[in-house]
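> Got a predicted structure here, sequence first:
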Amino acid sequence: MGRPAVTPTVEQPVQEASPYAGEAAATVEALLRETFAGTDELRGLAVDVHRRAVREGRAPTTEDLEAIRPTVLRLLSQSRVPLAGTGVIAAPGTLADRPRWLEWWRRSPSGGSPRPLAVDLDPGNIGSYEYPVAPWFDVPCRTGRRVVVGPYVDYAGTDEYILTFAAPVSGDAGFFGVAAADIRATDLERALLPVLNADGPASLIVNASGRVIASNTPATIVGSIVRPGQGERRELAHGDDWPDCTGLPWFLVRDPA
């Protein structure tokens, strides 16, 4: 009698590691590390601004916060993956001269010099930029954790399809706001395409909720949803720096159709 046939289990495709999963994980790790290194630098500067003002017995002002601007402009010009914008967003009521404020500079998709983000910050106006309820602000404020949000359309701010990387600005003077950076989905996908193309003709990177971050197939575009059970899914292992980061891990998915 011959040996009985072995029927592959449903879990088998998921357990077979892609030979390029490690390369994709390393690429994602480098991107996260560089982006959060920038936000951490801004966070440290903003904490110093807050602490200095408190020691002087006053609330900080928008002029005080301008001290971070040279670093903001440097980060916009030097990032390996181009930043759409970066800066510090003050928590409501923390500044003496403005109830809400963004020390935020951005680059146009067409290039040119950085310019400040101009939005309506008056909560009494219809269409005002209600950043306190945005996940990239709310999560660091409530939990003290870093967060990666997106891809999403920033309807209230730039109307661009972006991902936001944000970290709380907190110190011995209390919670001051959030340091953050935006990357356009198109720029992030461009940075991730080499490892996707090496992996295969239908490879994706998706976020923790299954939304596509990068794709090398027109059949599955950025922003679409890949549900559990669609394709071979491998978690992209990330370093010890990210256990406090909401929105991770990301996953490498093959043949999602």
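Cool, got the structure.
> how would you label the most centrally placed residue in the chain: helix, strand or coil?
Note on the chain: the residue nearest the mean C-alpha position is residue 165, at 2.7 Å, using Cα atoms, centre = their mean. Classification of residue 165 using DSSP: H, G, I helix; E, B strand; the rest coil returns strand.
> where's it relative to residue 136, distance?
Note on residue 165: its distance to residue 136, by Cβ to Cβ, to the nearest Å, is 8 Å. Bear in mind the C-beta positions are built from the backbone N, C-alpha and C, glycine included.
> repeat for residue 210
19 Å.
> how distant is stretch 70-90 from the center of its chain?
13 Å (Cα atoms, centre = their mean, to the nearest Å).
> Next: stretch 67-84.
15 Å.
> And that stretch, what's buried?
Burial within stretch 67-84, assessed by neighbour count using 16 or more other Cβ atoms under 10 Å, is assigned to 68, 69, 71, 72, 75, 76, 79, 81, 82, 83, 84.
> May I have the secondary structure class of the spatially closest residue to the fifth one that is not a sequence neighbour?
Spelled out, that is residue 75. Nearest residue to residue 75 in three dimensions, chain neighbours excluded: residue 38, at 4.5 Å (Cβ to Cβ, 6 or more residues apart in numbering). Assigned with three-state DSSP, residue 38 falls in the helix class.
> ok so, going back, please say which of residue 210 and residue 136 ends up with more neighbours.
Higher neighbour count among residue 210 and residue 136: residue 136, with 28 against 17, using other Cβ atoms under 10 Å.
> these two touch, right, that one and residue 147?
Yes. Using Cβ atoms under 8 Å, residue 136 is in contact with residue 147, at 5.9 Å.
> Residue 56: which of the buried residues of stretch 67-84 is nearest?
residue 68 (17.9 Å; Cβ to Cβ).
> just to revisit the earlier point, can you list residues touching both of residue 136 and residue 147?
Common contacts of residue 136 and residue 147 (Cβ atoms under 8 Å, 6 or more residues apart in numbering): 164, 166.
> So residue 75 sits against residue 86, correct?
Yes. With contact defined as Cβ under 8 Å, residue 75 counts as touching residue 86 (5.3 Å).
> so what sits against both of the two?
38, 42, 181.
> What strand or helix carries the last one?
Right, residue 181. Using DSSP states H and E, residue 181 sits in strand 174-184.
> So which other helices or strands are in contact with the next helix or strand after that strand?
Once the chain leaves strand 174-184, the next helix or strand it forms, by DSSP H and E, is helix 185-199. If you count contacts as 3 or more Cβ pairs under 8 Å, 6 or more residues apart in numbering; DSSP states H and E, helix 185-199 packs onto helix 21-55, strand 146-153, strand 161-171, strand 203-206, strand 212-215.
> need these in JSON lines with distance to residue 194 and mean pLDDT, can you?
Below are the helices and strands packed on helix 185-199 laid out as JSON lines (distance: least, Cβ to Cβ, whole Å; pLDDT from 0 to 100):
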{"stretch": "helix 21-55", "distance to residue 194": "8", "mean pLDDT": "92"}
{"stretch": "strand 146-153", "distance to residue 194": "19", "mean pLDDT": "94"}
{"stretch": "strand 161-171", "distance to residue 194": "18", "mean pLDDT": "95"}
{"stretch": "strand 203-206", "distance to residue 194": "11", "mean pLDDT": "94"}
{"stretch": "strand 212-215", "distance to residue 194": "11", "mean pLDDT": "95"}
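> Looking at these, spot the one closest to residue 177.
Among the helices and strands packed on helix 185-199, strand 161-171 comes nearest to residue 177, with 4.8 Å by Cβ to Cβ.
> Right, I'll leave it there.
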